[in-house]
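# Test case, fold it:
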Amino acid sequence: MAAVAAESKLPLTGCTAAQVAEEGGLWIYAPNIYRLGYRAASYVDRILKGARPEDLSVEAPMEFNFVVNLKTAKALGLTISPSVLLRADEVIR
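Numbering: from 1, shown residues only. The predicted structure follows:
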């Protein structure tokens, strides 16, 4: 999909920061998947210690990552404003 988007000069968002970096997605704004895994392990730990799953509260992600791929932006002929880049957690050059 990334190759087709690049050939067509279409911006493509990624599902993970790694996809943006490795596959040429333009950007991502998504929950931190490592933090989600950490929280999931906490649920598993509580269940294994006897907690009933229906008694556990649902937690929304609290930590998000914003990654911008400037190589892809350049290839698409896009200019990303400096104010957007300042907000990014990671900028791929």
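# For stretch 52-69, which outside residues touch it?
Under the contact criterion C-beta atoms under 8 Å, 6 or more residues apart in numbering, stretch 52-69 has outside partners 14, 17, 20-21, 24-32, 35-36, 39, 43, 46-47, 80, 84-85, 87-92. Every C-beta, even on glycine, is put in place using the N, C-alpha and C of the backbone.
# Quick one: distance of that stretch to the chain centre.
Mean-position distance between stretch 52-69 and its chain equals 13 Å (C-alpha atoms, centre = their mean, to the nearest Å).
# So which elements touch the worst-scoring helix or strand of the chain on mean pLDDT?
None of the helices or strands of the chain scores lower by mean pLDDT, DSSP states H and E than helix 17-23, at a mean of 75. Contact analysis of helix 17-23 by 3 or more C-beta pairs under 8 Å, 6 or more residues apart in numbering; DSSP states H and E lists strand 27-31, strand 64-69, strand 90-92 as its packing neighbours.
# burial count for Lys9?
By other C-beta atoms under 10 Å, the residues close to Lys9 number 10.
# ugh, wrong one, Ile47
Ile47 has 13 neighbours, counted by other C-beta under 10 Å.
# Now do the same contact list for it.
Contacts of Ile47 (C-beta under 8 Å, 6+ apart): 53, 56.
# mind checking the backbone torsions on it?
Dihedral pair for Ile47: phi -70, psi -40, per degrees, to the nearest 10.
# so how far is Pro53 from it?
Here the criterion is C-beta to C-beta, to the nearest Å. By it, Ile47 lies 6 Å from Pro53.
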